[in-house]
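*Asks:* I'll drop the sequence and a predicted model, then ask my questions.
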Amino acid sequence: MEINDLTPAERRVWEAFPRGEGVDFREHPDDSSVDGAGWGPDRTVRAEVLRALLLGAAPAEEGRVAGLKIKGARIVGKLDLRYAAVDHAIRLRDCWFERKPLLYGAQLKALVLGYSTLPGLTAATLRVDIVLRLSCCRITGPVRLQGARISGGLFLQGAVVGPAAGEEAGEAVLQLNHAEVGTDIIANDLTVHGQLRLNGATVGGQINLDGARLLAPGATALHAETLTVGTDLRAMRMEARGMVNLTGSRVPGQLNFARARLSHPEGIALRASSCVIGEVWLRECERIQGTVNLRRSHFDLLHIPPETWPRTIRLDGLSYRTLAPHLPAEERLPALELEESGYLPYAYEQLAAAYRTAGDEAAARTVQLAKLRRHRRTQPRPSRAWGLLQEVTVGYGFRPLRAAGWLFALLLTGVVAYTAHPPRALKEGEAPDFNAVFYTIDLMLPIIGFGQEQAYAPSGWYQWLSYLLIVTGWVLATTTAAGVSRSLRRQ
């Protein structure tokens, strides 16, 4: 390309490139690239001119670092850099693109398109040595970055992507599947009209989706299966209309959904099954609209208030070390009734283990008791009757003081009965004076002997009462002793 073929606007760019100087076509610093379709020839640059510069048509001046640095230009034609190796930084800020840039398989130093308006971006398997910036861009078509390798960071904060139309409708509008990002993905306040796809991606640092809006009602808003993050995945105040799918992801730090809004009423709102995550935060969230699936995942900390759980949950195989905030067991147990599979013994055992980790043995026993009650509802009627008797009498062994109360009631019954109708002495003149209290204790606690039981023999109805006191006393006394022994061991 000859310099004589250039327009005045293109000549400014051509002459600035070898020196690495910027060209600002904006009439005012507040100019928006959204209005770029109406810009005139004085702000119009052909994409083929930019391509020629980037591929070496104008070498750098001695002692200078060449680079493409433009603000506020209307770029017409197709910027086709497929498979190209570009050694210069590309900075096209506040620009309007007539057609989507083609960067498939390209190798770039740095690409900055901040505040620009584009009909899409095709850059699968792109290689970027330093940084890729799409901050505050308005992109109406799909952004294809699948398989990209970015040594530095990817910046998408404030960008608006989609919705895709025409033949591209139904395609994920922001595609980062199987991409590798060396440091962070900063995408706070990002808006995606469609699906954000991150499945199989690897991010060396954190992913920041604070304040993002992922809008795919009735579909998958965030598809991030087998995602690997070096530190945290932040999504505070995020709004997700559609399923958030994190199946098989690895996040060693925090998965932070504090104050987020997750909504997919017709299906699964949050799927984080088979995940390994350090801390999961759902603090101060609205009630999740849709099912939550956490099956077979492992968390060190799960922070979720009871009111955040949706109407249906799936917890089979979920393990967590600590559950926060620390609340009475009575406030946590209703969530286990929401399990889609019905009675799930493991869920109760896991909750009890979390209370033991926190040192709250009383809450752990409450959970164990609730587990047995729930199990009783699944049994045949005879088994349910026997279970009900165990609960009423000894609280399935978790309420030993209840057994002590029954012991006292039986003692009082025996004392009243045998005071009114003392039993006859077996050997007149040899029996000790009758004492209704110690006689009843002798019956109820065979291991203790006060000489009353061997000396007196009740008859009739009172004999049957003595049998009842012997059997029930033995069972209740053993239960009470076992409960006291457990308490002493815990202390």
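*Replies:* Perfect, I can see it now. Numbering: from 1, shown residues only.

*Asks:* Quick check: the residue lying farthest from the centre of the chain vs Ala455, distance?
*Replies:* The centre of the chain is farthest from one residue, Gly429, which by C-alpha atoms, centre = their mean lies 79.9 Å away. Distance, Gly429 to Ala455, using C-beta to C-beta, to the nearest Å: 11 Å. Heads up, the C-betas are built off the backbone N, CA and C, glycines and all.

*Asks:* again, but for Leu215
*Replies:* 87 Å.

*Asks:* repeat for Ala66
*Replies:* Taking C-beta to C-beta, one finds Ala66 at 115 Å from Ala455.

*Asks:* The two: which has the busier surroundings?
*Replies:* The neighbour comparison of Ala66 against Ala455 (other C-beta atoms under 10 Å) goes to Ala66, with 21 against 18.

*Asks:* is it true that the more buried one touches Phe17?
*Replies:* Yes: counting by C-beta atoms under 8 Å, Phe17 is a contact partner of Ala66 at 5.7 Å.

*Asks:* Tell me the residues that contact both of these two, please.
*Replies:* When contacts are counted by C-beta atoms under 8 Å, 6 or more residues apart in numbering, Ala66 and Phe17 have 58, 88 as shared neighbours.

*Asks:* Just give me the residue closest to the centre of this structure.
*Replies:* Val280 (5.0 Å).

*Asks:* who's in contact with that residue?
*Replies:* 254-255, 257, 272, 299, 301-304.

*Asks:* So which of these belong to strands?
*Replies:* Residues from the contacts of Val280 lying in strands, with DSSP state E as the criterion: 254-255, 299, 301-303.

*Asks:* Is Asp87 in contact with Lys109, as I believe?
*Replies:* Yes: if you go by C-beta under 8 Å, Asp87 and Lys109 touch, sitting 6.3 Å apart.

*Asks:* so what's the backbone phi/psi at the residue nearest to Leu426 when sequence neighbours are not counted?
*Replies:* Closest residue to Leu426 apart from its sequence neighbours, by C-beta to C-beta, 6 or more residues apart in numbering: Ala457 at 5.6 Å. Main-chain torsions, Ala457, degrees, to the nearest 10: phi -130, psi 110.

*Asks:* wait, isn't Ala457 in contact with Pro423?
*Replies:* Yes: counting by C-beta under 8 Å, Ala457 sits close enough to Pro423 to count as a contact (5.7 Å).

*Asks:* where's the closest residue in space to Arg295 that isn't next to it in sequence relative to Arg314, distance?
*Replies:* Of all residues not flanking Arg295 in the chain, Ser273 sits nearest, at 4.4 Å (C-beta to C-beta, 6+ apart). Separation of Ser273 from Arg314 (C-beta to C-beta) stands at 8 Å.

*Asks:* joint contacts of those two?
*Replies:* 293-295.

*Asks:* Now render those residues as JSON lines, adding distance to Arg99 and pLDDT.
*Replies:* Formatted as JSON lines, these follow (distance: C-beta to C-beta, whole Å; pLDDT from 0 to 100):
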{"residue": "Asn293", "distance to Arg99": "41", "pLDDT": "97"}
{"residue": "Leu294", "distance to Arg99": "44", "pLDDT": "97"}
{"residue": "Arg295", "distance to Arg99": "45", "pLDDT": "96"}
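
*Asks:* Give me the subset of the residues you listed that lies in strands.
*Replies:* Going by DSSP E, the strands hold Asn293 from the shared contacts of Ser273 and Arg314.

*Asks:* Looking at the shared contacts of Ser273 and Arg314, which one is closest to Ala353?
*Replies:* Leu294 (15.8 Å; C-beta to C-beta).

*Asks:* and that closest one, what is it in contact with?
*Replies:* So Leu294 contacts 270, 272-273, 275, 313-315, 318 (C-beta under 8 Å, 6+ apart).

*Asks:* for it, phi and psi?
*Replies:* phi -120, psi 30.

*Asks:* Tell me how far the residue lying closest to it once chain neighbours are set aside lies from Ala370.
*Replies:* Nearest residue to Leu294 in three dimensions, chain neighbours excluded: Leu318, at 4.6 Å (C-beta to C-beta, 6+ apart). Separation of Leu318 from Ala370 (C-beta to C-beta): 17 Å.

*Asks:* Could you do Glu10 as well?
*Replies:* To Ala370, Glu10 is 76 Å away according to C-beta to C-beta.

*Asks:* next one: Leu327
*Replies:* Taking C-beta to C-beta, one finds Leu327 at 14 Å from Ala370.

*Asks:* Could you check which of the two has the larger neighbour count?
*Replies:* Higher neighbour count among Leu327 and Ala370: Ala370, with 21 against 13, using other C-beta under 10 Å.

*Asks:* helix, strand or coil for the closest residue to the more buried one other than its chain neighbours?
*Replies:* Using C-beta to C-beta, 6+ apart and skipping the chain neighbours, the partner closest in space to Ala370 is Leu333 (5.0 Å). Of the three states, Leu333 takes helix according to DSSP: H, G, I helix; E, B strand; the rest coil.

*Asks:* surely Leu333 meets Ala364?
*Replies:* No: taking contacts as C-beta under 8 Å, Leu333 lies outside contact range of Ala364: 12.0 Å.

*Asks:* got the residue ranges for the helices in the protein?
*Replies:* 8-16, 47-54, 329-336, 345-357, 361-376, 381-394, 400-420, 436-444, 461-490 (DSSP state H).

*Asks:* dump the residue contacts of the nearest residue to Leu246 once chain neighbours are set aside.
*Replies:* Spatial nearest neighbour of Leu246, excluding adjacent residues (C-beta to C-beta, 6+ apart): Ala272 at 4.5 Å. Contacts here follow C-beta under 8 Å, 6+ apart; on that basis Ala272 touches 246-247, 249, 255, 280, 293-294, 297.
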